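S.K.: Got a sequence here, can you model it:
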Amino acid sequence: MTDETSTQNAVTIDRTFEAPVDLVWRMWTEPEHFTAWYGPAGTSIRVAKMDLRVGGTRMVCMEMTTPGGTVQMWFTGEYRVVSEHTRLVYTESMSDPSGKVLSSAEAGLPAGHPTTTEVIVELEDLDGRTRMTLTHVGIPEGFPGAEGWGMAIDKLAAHLAGQSRS
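M.R.: Take a look at the predicted model:
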């Protein structure tokens, strides 16, 4: 079940998975799992570097094919909270491939979009199942990121289902 809320300042998705909390945690924190599900439908993750510790950095390259050719979007951020199996908080900014944060204008984002946003992932163990609450603070209402998160979480559910069967 998905409860998706978009407000002016945040997108929140609440989902329960038929998977243990340690597996859901690994989906967010291990590059080999993260690259398998992250991003909206039609995208792939070419780079996922994660220095999983408070103050550690992350770098992600999302790639998609458009009528004009292949487009890459780079994101960088810093881990603020790493509480194993319960809470992960990191910043996210669009960047160039070297990790230099781009201004909203340089990134082609609408006026008023923040340069840096914050992603909060909270996990709750439900006796072998996992409730996940994802909050992305700083995504304006109607911004494509809200829809993209919904698609990504659907991909996460499918990936978890495949892991549970293996």
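S.K.: where do the strands sit along the protein?
M.R.: 2-6, 10-17, 43-50, 57-66, 69-83, 87-95, 116-126, 129-137 (DSSP state E).
S.K.: low-confidence ranges in this structure?
M.R.: Scanning the chain for pLDDT under 70 picks out 1-8, 140-142, 164-166.
S.K.: residues contacting the residue nearest to the spatial centre of the chain?
M.R.: Most central in the chain under C-alpha atoms, centre = their mean is residue 38, positioned 6.2 Å from the mean C-alpha point. Counting by C-beta atoms under 8 Å, 6 or more residues apart in numbering, residue 38 touches 45, 48, 60, 62, 152, 155, 156. Quick note: C-beta positions are derived from backbone N, CA and C, even for glycine.
S.K.: Let me know how buried the nearest residue to the first one once chain neighbours are set aside is, in neighbour terms.
M.R.: For residue 45, the nearest residue in space outside its immediate sequence neighbours is residue 35; the separation is 4.1 Å by C-beta to C-beta, 6 or more residues apart in numbering. By other C-beta atoms under 10 Å, 17 other residues sit near residue 35.
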